[in-house]
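Asks: below: sequence and its predicted model.
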Amino acid sequence: MFRPIAEAKASDGTRVAPVGFTFDGRAMTARAGDTVAAALLANGVQACRQTPVSGAPRGPYCMMGVCFECLVVIDGIGNRQGCLVPLRDGMRIQTQAGRRQPDEVQS
Amino acid sequence: MATHTSSSETDVVVVGGGVVGGAIALGLARSGARVTILDEGDVAFRASRGNFALVWVQSKGLGMPDYASWSRRSADQWHQLAGVLNEETGIDVAHSQPGGFMLCLSEDELEQRRQTMQRLHNQMSLADFPYEILDHDETKRRMPDIGKDVVGAVYSPLDGHVNSLKLFRALREATQRRGVAYRPNCTVDSITPRDGGFLLRGAFGEVAAAKVVLTAGLGNARLAPMVGLDAPVKPSKGQIIVTEKTAPFLHNPMVTIRQTDEGGVMIGDSQEDRGFDTVVRQPILSVMAERAVRMFPRLAGLNVVRSWSALRVMSPDGFPIYDQSETCPGAFVVTCHSGVTLAANHTLTLAPAILSGALPETLAAFSARRFHVPAHS
């Protein structure tokens, strides 16, 4: 549904190698430095969370930190805003199912 | 906005469409009245949309036992209101009454609370007020997540909370289904007694009614004198922080911290005298956050998603004002800073009384006449 409008290029004009990550265990690739939300959309992921209120599936919407629809679990930490986190090689991204668990919240 | 003139007949005009106006309008409509709500536009200071959603009893009424009884009565009847709203709209407003805590972070704070509760308890008619003073260990037994800085707490089984946005929504929906005309962007410029009733005018046109109920929050100060009433209310600013949603870990509401039914944790209860200023300011927020984290260290790991401020509607002594005009019978004023707590009374008790033309005897103490005479006990 979504694809990048331009190839990723380094400052010397060479192509940037894609990075690998997983979403719910599925291996995917995208451009390093793109946001997690953009990387998921580019891979055809349309829903990345279920709301804690109704359980409805939701996906990235505003892409600028406002709508909180792109929440995902990144490397074990829940409720991360995917549109504000740059993708890094080897990230483990998972669907945010409902509320974040308080046990993962460390003081 | 286009200005036009229209005239319509209705039994009661409620001026102000917040939680107080909505609750009264619902009660009036359930009693068979034709009701119109005239609400201001988005320029209004809407306390109903900024509140902390407590149905709170334990700390209320020092200096006015009638207020303690009135609050308690509403808390008791809140189950019935929640049932009515669910029946009329299918909306569950998430009311629960698991008992509330007031946490103290120093021996001084706890001692002050102890003395206040003692004085409250000594007032006539409140001798059976149930509460407990808990030390750190007992508080921790009941709420395992408290931090070491919590020296103790006051607990009362009477306290509860709701989802106030759902309450607001349910009141709007229920009044609409009952045929109440809700008219937004209708600032009332003048109210004139006419033919034993009232004529309300503004840029929206005119509305005539036999009775008028002023529930305009801070706007009541301007409107009340038009019908021989007095509502000397001033704003008291409160700020609130809300966190991301997490699975439930706070099972009781507290004065300054509560977890909503949907999972967000609200931190609140600041009070500032800053006129009509509603700017959110960091120094206050950081004090609120710091105290909250000392109470529940776990909160330090949660993300804040939003903060906001709103203006409480405060009378000179902090208690509500309920009055019917002596010079213009049929005109009522209702103003309080606990529209959520008192919603059950407003729908189930106050509205039928207004329709019958006389406020209940239990509300005599709430007349604004108390501000006009020297206070002697």
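Replies: Everything's here; your move. Numbering: from 1, shown residues only, chains lettered A, B, ... in the order given.
Asks: what parts of the stretch 201-350 of chain B come near chain A?
Replies: Residues of the stretch 201-350 of chain B that fall close to chain A, judged by CB under 8 Å from any CB of the partner chain: B:244-247, B:249, B:262-263, B:293, B:297-303, B:305. C-beta coordinates here come from the backbone N, C-alpha and C atoms, glycine included.
Asks: residues contacting residue A:47?
Replies: If a contact means CB atoms under 8 Å, 6 or more residues apart in numbering or on different chains, then residue A:47 has A:57-59, A:95 as its contacts.
Asks: ok, 7 Å please
Replies: For residue A:47, the contacting residues are A:57-59, by CB atoms under 7 Å, 6 or more residues apart in numbering or on different chains.
Asks: ok, now residue A:86?
Replies: The contact partners of residue A:86, by CB under 7 Å, 6+ apart, come to A:33, A:35.
Asks: that one pairs with what?
Replies: Beta-bridge partners for residue A:86, by DSSP bridges, are residue A:35.
Asks: can you map out the helices along the chain?
Replies: As the question left the chain open, I've gone with chain A. Taking DSSP state H, the helices of chain A run over residues A:36-42.
Asks: meant chain B actually
Replies: Along chain B, counting by DSSP H, helices occupy B:19-30, B:65-89, B:107-122, B:136-142, B:164-177, B:220-223, B:282-295, B:343-345, B:351-356.
Asks: can you give the contact residues for the longest one?
Replies: Surrounding helix B:65-89, the residues in contact under the criterion CB under 7 Å, 6+ apart are B:55, B:57, B:60-61, B:91-93, B:95, B:97, B:120, B:123-126, B:158, B:160, B:170, B:173-174, B:177, B:319, B:341-345, B:347-348, B:362, B:365.
Asks: show me those that map onto strands.
Replies: Taking DSSP state E, the ones among the contacts of helix B:65-89 that sit in strands are B:55, B:160.
Asks: buried subset of the contacts of helix B:65-89?
Replies: For the contacts of helix B:65-89, a burial check counting by 16 or more other CB atoms under 10 Å in any protein chain shown picks out B:55, B:57, B:60-61, B:91, B:93, B:95, B:97, B:120, B:123, B:126, B:158, B:160, B:170, B:173-174, B:319, B:341-345, B:347-348, B:365.
Asks: how many residues are close by the residue lying closest to residue B:63 once chain neighbours are set aside?
Replies: Among residues not flanking residue B:63 along the chain, residue B:317 sits closest, at 7.0 Å (CB to CB, 6 or more residues apart in numbering or on different chains). For residue B:317, the count of nearby residues is 13 (other CB atoms under 10 Å in any protein chain shown).
Asks: so which of the residues of the stretch 201-350 of chain B next to chain A sit within strands?
Replies: Using DSSP E, those in strands are B:244-245, B:305.
Asks: re earlier: most surrounded residue in the contacts of residue A:47?
Replies: residue A:58 (18 neighbours).
Asks: that residue against residue A:51, yeah?
Replies: Yes: taking contacts as CB atoms under 7 Å, residue A:58 lies within contact range of residue A:51: 5.8 Å.
Asks: JSON lines for the ones in strands among the residues of the stretch 201-350 of chain B next to chain A, including neighbour count?
Replies: Shown next, in JSON lines, are those (neighbours: other CB atoms under 10 Å in any protein chain shown):
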{"residue": "B:244", "neighbour count": "22"}
{"residue": "B:245", "neighbour count": "25"}
{"residue": "B:305", "neighbour count": "14"}
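Asks: now for chain A, the helix or strand with the poorest mean pLDDT.
Replies: Across the helices and strands of chain A, mean pLDDT, DSSP states H and E gives its lowest value to strand A:77-81, namely a mean of 93.
Asks: buried residues of that strand, list them for me.
Replies: Neighbour-count burial for strand A:77-81, counted by 16+ other CB under 10 Å, picks out A:78-81.
Asks: of those, which ones also sit close to chain B?
Replies: Residues shared between the buried residues of strand A:77-81 and the neighbourhood of chain B are residue A:79 [CB under 7 Å from any CB of the partner chain].
Asks: tell me the one of the buried residues of strand A:77-81 nearest chain B?
Replies: The nearest member of the buried residues of strand A:77-81 to chain B, counting by CB to the nearest CB, is residue A:79 at 4.8 Å.
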